[in-house]
Structures are given as structure tokens and as C-alpha cells.
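Participant: Fold the following for me, if possible:
(one chain, ligands or ions: 1)
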Amino acid sequence: DKGNHRHFMEKEIHEQSEVVSHTLSHYIDFIDGKVKKPAESIDFASLSGLALSACGTAYLAGLVGKYWFERLARLPVEIDVASEFRYREIPLNPQSAALFISQSGETADTLASLRYCRDAGLKIGAIVNAPESTIAREADVVFPTLAGPEIGVASTKAFTCQLAVLASLAIQAGRARGTLSEAEEAALVRSLSETPRLMANVLNTIQPAIELLARELSKCRDVLYLGRGTSYPLAMEGALKLKEISYIHAEGYAAGELKHGPIALIDENMPVIVIAPFDRFFEKTVSNMQEVAARGGRIIFITDERGAAATKLETMATIVLPSVDEIIAPMIFSLPIQLIAYHTAVFMGTDVDQPRNLAKSVTVE
Ligand code: F6R
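Facilitator: Down below sits the predicted model:
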């Protein structure tokens, strides 16, 4: 049932504040300001590394997770798309664990990667949305996302719930490995506790600006997305969402890679969507944005209040989100990215919930 919404995708985008809240509550004790100690988890303290694998949007969630595990827990992460991971003959250290991410829990390549790691003797964790799925059954430890059924082919709420689980696990790992103090844990938990309210605020306010922008984007053939740090996987996620439901060609790049090739594409016909919260990387990303502007590129700037106040550049559109702590920025910044793809596709009249050539669950390789 779509309720008041035109599409399941729209409904699922708007459910995110609620389902992310459910998911976070499963992993975090907000009263104590601590991540919960689950009865069964991965023994992060003794690990030499973590192997991470998934497909599509779930892979991009994993890429955000890599930044968190490495920074907060000093835990090296080896990550690849499952279709490569399973065949690369990766030398796996039995002192490491493996973590797989899948909404459906049935993705063939992700399942094959899981079995590869299990045969190598690794402890297997799985972040899954379908609790009865094959991947859930074959994992040693299941970390559920409580997103509820996701009907739209383009993943939205499962993605932000995967981020919520990964953030919680990275904090858990940081505590176990002694790289996060109790006070640092409490501060991160406090930030996470604000996520659902902030998501609801953003969802209630940015729609008009996004609809105006989507009308412009629907006229374009190509769009480039740029980001740094955890905004880099988000840039790829934005491009993936746009191409799969609007059929507009889009690419996501690390902002620093701009001058290593894609800058040759810049002209007035290819808008550049720059994802830049006011974080440690902000100045660097803004200088990439200036390079785009200097070559006549049109910029769509997705930033926060502090970022908007700190930049003078003329843009085609600026989407301003609340200023939030670094750990929750990927969840908050996912919202405009999803809505841009959604409204652009609606303008173009494509079949948003069932885009051509795509299946919700990819059970063949
Ligand atoms: C994109 C999308 C796909 C899936 C991918 C993995 O919007 O939905 O890229 O993320 O097919 O699917 P699961 O998570 O079911 O393994």
C-alpha cells in the first residue's frame, strides 16, 4: 500500500526517519549513551582486518562503512563489489572477519562471496533486511536492518538503515579495540540519536527546492556527482539512483579525481552535483567546485548551513541541509540525493518503482 504517495519509492524515502530510528534503537542504548553489547557479534578486538562485500547500493553503504571502521576503530577494511570479490582469490587472513550487506539477502554474488569467506574459515556477519533470507541463514551473526519491506526497485530506506547499522558497528568496534574512549562513544551516540528528527526535518523542508531542480535535470543527458570522504560513496550512490530510475547518464567521482580526467567533460550541458558538508574536506571540495565554475560548468551544491555561509560561488541551485556531526552526515545527505533522482524520474515519466531491465532481487550472477 502506497498510502498518500504516488510511488513506493516516495513512500520509502519518507519512511526513513522512522525506520532509521527503529534500526538505531536495536543497536544503541540512547539512555546510557552506549552501543548495546549484543549477545552475538563479531569479536572486533582481536581482528586484523575486515573483509566487506556487497552489490550496488549495498556496496556503496559498505564503502561509507569502510571510512568509519578505519577511522573510528583503526580496523583495516578490504572492500569490493561481490562480483569481483568472489573471483579475485583474495588472500584472506583467518584473523579477519567478513561482513556482507544485502537488502534482499538473496543476491547471488554476495552469497557466493560469503561462502568463499566461510570456506576460508572467517567469521561471517551479514547486514540484511530480509531476516528469512539465504544470506541471513548462512551467516554466523545477523545484523538486521529494520527497514521493513522495500518494494521500490531503487533502494532507499534499506541504504540509510545499512548506514545506521554500520555506524553502530564501527562504534562498537572502536570501543572493543580501545580506539574510542567512553566520552567519544557517548558523543557519537548523541549525534546518532538526533538522526531521525533531523531526517524528518529535511524531508519536510527540501521538497520544493528539489522539484525545481529536478525539472532542470530532466532536460540533461549527463550529470556528474562529486564528493570527498564519506561523500564520495554518496556521489556514486547519487549517480546510481539517477541513472537507474531516470535513465540519465550519471557518474560519481571522488572530487580530487576531477582533474585526472572528468574535468574534460565540463561544459554548460553537464551539471555537476557537489556533495559537501562543512567537514574536514570542505575547503578541498570547494576548490574543485571552483575549477568546475571556471570552466563554465553549472553547479548544484548540496551543503549545510555552515557550508552555504562559507561559500560565495554562483550555483544553478544550492540545497542547504542542517549542519550535523560528521558521523550522521551520510544519512542526512542521502535524502536530497534520493529525492533528486526520484523527482527527476517523475518529471520524465519513467516507471519509478519498476525501472526497465532491473529486478529487485538479483539471484543470478
Ligand atoms: C540500487 C539497488 C541495487 C541493489 C543491489 C543489491 O538502487 O537497489 O543496486 O542495492 O542489487 O541488492 P541487495 O541489497 O538485495 O543485495
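Participant: Return the residues in contact with the residue in the chain that the ligand sits nearest to.
Facilitator: Nearest to the ligand, among the residues of the chain, is residue 56, at 1.9 Å (CB to the nearest ligand atom). C-beta here means a position set from N, CA and C on the backbone, and glycine is covered the same way. Contact analysis of residue 56 by CB atoms under 8 Å, 6 or more residues apart in numbering lists 155, 240.
Participant: make it 7 Å
Facilitator: Contacts for residue 56 (CB atoms under 7 Å, 6 or more residues apart in numbering) come out as residue 240.
Participant: And it, its phi and psi?
Facilitator: Dihedral pair for residue 56: phi 60, psi -130, per degrees, to the nearest 10.
Participant: Ok, the one 3 residues further on next?
Facilitator: Taking degrees, to the nearest 10, you get phi -60, psi -40 for the backbone angles of residue 59.
Participant: again, but for residue 28
Facilitator: phi -130, psi 140.
Participant: ok, what's across the strand from it?
Facilitator: Counting by DSSP bridges, residue 28 forms beta bridges with residue 35.
Participant: Surely it and residue 36 touch.
Facilitator: Yes. Using CB atoms under 7 Å, residue 28 is in contact with residue 36, at 6.4 Å.
Participant: measure the residue of the chain closest to the ligand to residue 306 for me?
Facilitator: Distance, residue 56 to residue 306, by CB to CB, to the nearest Å: 32 Å.
Participant: and the stretch 201-350 of the chain, which residues reach the ligand?
Facilitator: Within reach of the ligand by CB under 6 Å from any ligand atom, the stretch 201-350 of the chain has these residues: 240, 244.
Participant: An error on my part: the question was meant for the stretch 51-200 of the chain.
Facilitator: So the stretch 51-200 of the chain meets the ligand at 55, 56, 57, 58, 102, 103, 104, 107, 110, 154, 155 (CB under 6 Å from any ligand atom).
Participant: Out of those, grab the one that's most surrounded.
Facilitator: Across these, neighbour numbers were computed from other CB atoms under 10 Å; residue 102 holds the maximum, 32 neighbours.
Participant: That one and residue 58 touch, don't they?
Facilitator: Yes. Here residue 102 lies in contact with residue 58, judged by CB under 7 Å, at a distance of 5.5 Å.
Participant: Would you map the strands across this protein?
Facilitator: 28-29, 34-35, 50-54, 77-81, 97-102, 123-128, 141-144, 222-227, 249-254, 272-276, 299-304, 317-321 (DSSP state E).
Participant: contacts for the last one?
Facilitator: Contact partners of strand 317-321, identified using CB under 7 Å, 6+ apart, comprise 202, 206, 209-210, 213, 300-305, 308, 332-333, 336.
Participant: do the same with the second one
Facilitator: Among residues not part of strand 34-35, those counted as contacts by CB under 7 Å, 6+ apart are 27, 28, 168, 171, 172, 175, 185, 189.
Participant: how far away is the fourth one from residue 102?
Facilitator: Read that as residue 171. Distance from residue 171 to residue 102, by CB to CB: 22 Å.
Participant: Over to the fifth one?
Facilitator: Computed as CB to CB, the residue 172 to residue 102 distance reads 20 Å.
Participant: show me the contacts for residue 94.
Facilitator: Applying CB under 7 Å, 6+ apart, the residues near residue 94 are 120, 121, 122.
Participant: Who are the contact partners of the last one?
Facilitator: Just to be clear, that refers to residue 122. 51, 92, 94, 96, 97, 98.
Participant: hmm, back to that, narrow the contacts of residue 94 to those in helices?
Facilitator: In helices, judged by DSSP state H, none of the contacts of residue 94 are found.
Participant: Quote the end-to-end distance of stretch 216-228.
Facilitator: 25 Å (CA to CA, to the nearest Å).
Participant: buried residues in it?
Facilitator: Counting neighbours by 16 or more other CB atoms under 10 Å, one finds that the buried residues in stretch 216-228 are 217, 218, 220, 223, 224, 225, 226, 227, 228.
Participant: can you tell me which two in those residues are farthest apart?
Facilitator: Put simply, by CB to CB the two of the buried residues of stretch 216-228 set farthest apart are 218 and 228, 27.5 Å from each other.
Participant: Give me the pLDDT for the nearest residue to residue 159 once chain neighbours are set aside.
Facilitator: Distances taken as CB to CB, 6 or more residues apart in numbering put residue 57 closest to residue 159, at 5.1 Å, once the chain neighbours are dropped. For residue 57, the model assigns a pLDDT of 98.
Participant: Where does the prediction get shaky in the stretch 151-300 of the chain?
Facilitator: Applying pLDDT under 70 to the stretch 151-300 of the chain flags no residue at all.
Participant: show me the contacts for the residue lying closest to residue 141 once chain neighbours are set aside.
Facilitator: For residue 141, ignoring the flanking residues on the chain, the nearest one in space by CB to CB, 6+ apart is residue 125 at 4.6 Å. Counting by CB under 7 Å, 6+ apart, residue 125 touches 42, 97, 98, 99, 139, 140, 141, 143.
Participant: State the phi and psi torsions of residue 49.
Facilitator: Dihedral angles phi and psi of residue 49 (degrees, to the nearest 10) take the values phi -170, psi 170.
Participant: so it sits right up against residue 93, yeah?
Facilitator: Yes. Taking CB under 7 Å as the definition, residue 49 is a contact partner of residue 93 at 6.2 Å.
Participant: Which strand residues bridge the residue nearest to residue 141?
Facilitator: residue 99, residue 141.
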